[in-house]
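Colleague: How does the following fold in three dimensions:
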Amino acid sequence: MDNIPTGTWIVVADGAGARVFTNIGDEKKLTLRQDDLLSQDDADGGPGKVPKEQSDADLGEAAFSHQLAHRLNAAALKNQFAHLVLIADPQSLGRIRPLLHKETQSRLLRELGKTMTNAPLEDIQRSLA
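Modeller: Modelled structure (predicted):
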């Protein structure tokens, strides 16, 4: 696998929340520091187009995915990170991916379709090794 440079943002998300980490280690030894914790309660704005038959939970997850993509796009356009790794459950990853701005996409080093939002830090680091 490719090395993850110092300063890379690692976003671990699902439909209910996200943990935002920064690699404070170097390319040889990944060391993550948690910088932010986001939840559906933080999401404002709608989920965009969703089928009428979706439940409230599905709508909340879609809204959160939409808001997370918006935050990542805004941060990329403000040059707040040079590199990004996105770990999300497959459904959330599928919702986020098409919403990423081309500038955000250009900084994306790796995607991992796996549910790890509540995983211990060591497991997240191991999944990226």
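Colleague: So in this protein, which helix runs the longest?
Modeller: helix 56-77 (DSSP state H).
Colleague: Quick one: the strands in this structure, in order.
Modeller: For the chain, the strands defined by DSSP state E occupy 9-13, 17-23, 32-39, 84-88, 108-113.
Colleague: same for the lowest-mean-pLDDT helix or strand in the chain, what does it pack against?
Modeller: When the helices and strands of the chain are scored by mean pLDDT, DSSP states H and E, helix 56-77 comes last with a mean of 90. With contacts taken as 3 or more CB pairs under 8 Å, 6 or more residues apart in numbering; DSSP states H and E, helix 56-77 sits against strand 9-13, strand 17-23, strand 32-39, helix 90-96, helix 102-107. Where C-beta positions appear, they are placed from N, C-alpha and C, glycine not excepted.
Colleague: about what we covered before: show me what counts as buried in the longest helix of the chain.
Modeller: Across helix 56-77, burial judged by 16 or more other CB atoms under 10 Å covers 60-73, 75-76.
Colleague: just these now: which is nearest Gly17?
Modeller: Nearest to Gly17 out of these is Phe64 (CB to CB; 7.3 Å).
Colleague: Let me know whether that closest one touches Asp58 as I believe.
Modeller: No: Phe64 is beyond contact range of Asp58, at 10.8 Å (criterion: CB atoms under 8 Å).
Colleague: Tell me where the model's unsure across this protein.
Modeller: Scanning the chain for pLDDT under 70 picks out 1-2, 42-57.
Colleague: hmm, back to that, who wins for proximity to Leu121 among the helices and strands packed on helix 56-77?
Modeller: Going by CB to CB, the one of those nearest Leu121 is strand 32-39, 6.1 Å.
Colleague: so what strands line up beside the closest one?
Modeller: strand 17-23 (antiparallel) (DSSP bridges).
Colleague: Export the strand it pairs with to PDB, keeping only CA atoms.
Modeller: Coordinates of each C-alpha in strand 17-23 appear next as PDB, following Å, rounded to 0.1, in the frame of the first residue of the first chain:
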ATOM      1  CA  GLY A  17     -21.000  10.100  12.400                       C
ATOM      2  CA  ALA A  18     -17.400  10.600  11.500                       C
ATOM      3  CA  ARG A  19     -14.100  10.800  13.200                       C
ATOM      4  CA  VAL A  20     -11.500  13.100  11.700                       C
ATOM      5  CA  PHE A  21      -7.800  12.200  12.300                       C
ATOM      6  CA  THR A  22      -4.500  13.700  11.100                       C
ATOM      7  CA  ASN A  23      -1.400  11.600  10.600                       C
END
